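Student: sequence unknown, structure follows:
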């Protein structure tokens with residue numbers, strides 16, 4: 001099935017639709033007059049209509065993806081505290097130095113406009129011998145394909161161009177959100193000592209952290225004496241590793257489990273006031289740490305179609321850290337490796353980017369034989385957190 005057949009299948013004519021170069025490879029020399037005219041935007045005088053607007057262009061879409069990559073998402077606490085460092089091809093081996101074990105690195109794809117995570121391969125890729133791709137995709141729906149055919153018939157009317165720009169912008173934002181959600185989950189898993197929980201599959205990484213930094217309270221007595229066990233953990237960490245922390249991040253459930261104790265009269269009075277801010281301030285003074293509540297979640301979906309809510313920070317884990325270490329690459333950072341697609345794309349005729357790139361890129365793919373008539377928008381980045389200071393984080397697993 002060649003390019004003309006693909007366009008005809010969409011109910012369009014070749015001369016009217018300059019969209020396929022990014023989907024099925026570079027145009028032939030005979031087609032250059034059609035495609036080149038489409039690539040160069042030109043504003044018609046007095047109308048504001050963009051002539052030759054190129055639909056489904058990978059480079060344009062990648063620019064939108066990179067824009068949304070630069071925009072912070074307030075609910076993603078852990079990547080907001082994490083610096084990003086670009087690694088060259090020569091330095092990529094340093095990303096996995098000292099790390100052994102397993103992690104989840106399946107490619108991610110969504111069939112719906114929501115930013116959800118799909119397991120598309122049936123099993124998790126758990127090899128630690130390579131740097132994972134964090135990849136999010138979204139199908140171009142039949143409704144959008146119909147609009148595409150309509151656009152060709154209407155010669156890129158202002159309404160149709162506006163529709164596609166808004167649609168493409170929304171898709172770019174959604175795939176970036178999906179990638180950042182998994183990035184955030186990876187960051188907190190490293191902060192917790194390398195524990196990763198995905199769809200009920202718990203795996204562990206050996207990050208080379210000193211013994212005792214990540215411990216647990218097995219006894220149910222924690223409910224009666226939470227302050228005692230938290231102080232004991234912090235004392236032990238300081239004695240064994242010479243480090244103290246000034247921030248405690250925990251779930252709402254863990255927080256109320258702690259403040260509801262009768263262990264301390266000041267806490268009792270704070271709880272009786274029914275003022276959550278007073279409870280937090282009181283707990284902060286008693287433990288000499290800032291208290292952050294973290295309850296944000298993301299969505300995952302298995303091949304069975306079950307959509308589940310996953311927490312970034314498990315309810316039963318308390319994370320200790322230092323505010324001064326936030327966004328300090330010498331302590332902890334996310335290693336952004338060169339994206340494989342940006343290397344390969346020029347070799348296979350799908351010019352995704354203007355060259356080799358770090359960070360997130362976006363592109364479109366489609367089936368040459370139209371079986372099925374399938375177009376997808378993709379966003380991808382390649383990387384993994386790097387824990388430089390092995391004592392930067394500590395955690396306590398509790399019974400609640």
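Tutor: Here it is on my side, so go on. Bear in mind that the values here come from a model prediction, so they are computed numbers and not experimental data.
Student: When you work out contacts or count neighbours from here on, use the C-alpha atoms and nothing else.
Tutor: Fine.
Student: name the helices or strands packed onto the top strand by length along the chain?
Tutor: Counting residues, the longest strand found in the chain (DSSP state E) is strand 375-387. With contacts taken as 3 or more CA pairs under 8 Å, 6 or more residues apart in numbering; DSSP states H and E, strand 375-387 sits against strand 133-139, helix 158-191, strand 332-337, strand 361-366.
Student: how about 10 Å then?
Tutor: helix 58-69, strand 83-86, strand 133-139, helix 158-191, strand 332-337, helix 340-348, strand 361-366 (3 or more CA pairs under 10 Å, 6 or more residues apart in numbering; DSSP states H and E).
Student: buried ones in stretch 308-321?
Tutor: Residues of stretch 308-321 classed as buried under the neighbour-count rule (16 or more other CA atoms under 10 Å) are 310-315, 317-321.
Student: can you pull the contacts of the residue nearest to residue 244 when sequence neighbours are not counted?
Tutor: Counting by CA to CA, 6 or more residues apart in numbering, residue 244 lies nearest to residue 238, which is 5.8 Å off, once chain neighbours are set aside. Residue 238 makes contact with 213, 232, 244-245, according to CA atoms under 10 Å, 6 or more residues apart in numbering.
Student: what do you get for residue 219?
Tutor: By CA under 10 Å, 6+ apart, the residues touching residue 219 are 398-399.
Student: pLDDT value on it, please?
Tutor: Note on residue 219: pLDDT of 76.
Student: roughly how far apart are it and residue 261?
Tutor: Separation of residue 219 from residue 261 (CA to CA, to the nearest Å) stands at 15 Å.
Student: And for residue 377?
Tutor: Residue 377 is 51 Å from residue 261, by CA to CA.
Student: Settle it for me: which of those two has more neighbours?
Tutor: Using other CA atoms under 10 Å, the more surrounded residue of residue 377 and residue 261 is residue 377, with 24 against 18.
Student: Give the burial count for the nearest residue to that one once chain neighbours are set aside, as a bare number.
Tutor: Distances taken as CA to CA, 6+ apart place residue 364 nearest to residue 377, at 4.6 Å, with adjacent residues excluded. Number of residues near residue 364 (other CA under 10 Å) recorded here: 25.
Student: where along the chain do the helices fall?
Tutor: 3-9, 21-24, 32-39, 58-69, 77-80, 142-153, 158-191, 226-241, 252-259, 265-272, 276-287, 340-348 (DSSP state H).
Student: show me what contacts the nearest residue to residue 65 once chain neighbours are set aside?
Tutor: Leaving aside its sequence neighbours, residue 65 sits nearest to residue 172 (CA to CA, 6+ apart; 5.0 Å). Going by CA under 10 Å, 6+ apart, residue 172 touches 61-69, 137-138, 166, 361-363, 377-379.
Student: Which among the contacts of residue 238 count as buried?
Tutor: Counted by 16+ other CA under 10 Å, the contacts of residue 238 give 213, 244-245 as buried.
Student: Now render these as TSV, adding distance to residue 341 and pLDDT.
Tutor: Converted to TSV, the buried ones among the contacts of residue 238 look like this (distance: CA to CA, whole Å; pLDDT from 0 to 100):
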residue	distance to residue 341	pLDDT
213	38	94
244	43	96
245	41	97
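Student: mind showing which ranges of the stretch 1-150 of the chain have poor pLDDT?
Tutor: 1-55, 98, 100-130 (pLDDT under 70).
Student: Would you map out the domains in the protein?
Tutor: 3-192+343-387, 201-333+390-397 (automatic domain parsing).
Student: picking that back up, make a ChimeraX selection of the buried ones in the contacts of residue 172.
Tutor: Filtering the contacts of residue 172 down to the buried ones (16+ other CA under 10 Å) takes a single ChimeraX command:
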select :61,62,63,64,65,66,68,69,137,138,361,362,363,377,378,379
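Student: for stretch 357-376, how far is the first residue from the last?
Tutor: Criterion CA to CA; first-to-last residue distance in stretch 357-376 is 21 Å.
Student: Now it: average pLDDT?
Tutor: Mean pLDDT, computed over stretch 357-376, is 74.
Student: Ok, stretch 249-256 next?
Tutor: 95.
Student: ditto for stretch 322-335
Tutor: The average pLDDT within stretch 322-335 is 97.
Student: in it, what's buried?
Tutor: 322, 325-327, 329, 331-335.
Student: Including distance to residue 161, could these go into a markdown table?
Tutor: Rendered in a markdown table, the data for those read as follows (distance: CA to CA, whole Å):
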| residue | distance to residue 161 |
| --- | --- |
| 322 | 49 |
| 325 | 46 |
| 326 | 42 |
| 327 | 40 |
| 329 | 42 |
| 331 | 46 |
| 332 | 43 |
| 333 | 40 |
| 334 | 37 |
| 335 | 37 |
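Student: now, which of those residues sits nearest residue 87?
Tutor: Residue 87 lies nearest to residue 335 out of these, by CA to CA, at 6.5 Å.
Student: What's the separation between that closest one and residue 319?
Tutor: According to CA to CA, residue 335 and residue 319 sit 22 Å apart.
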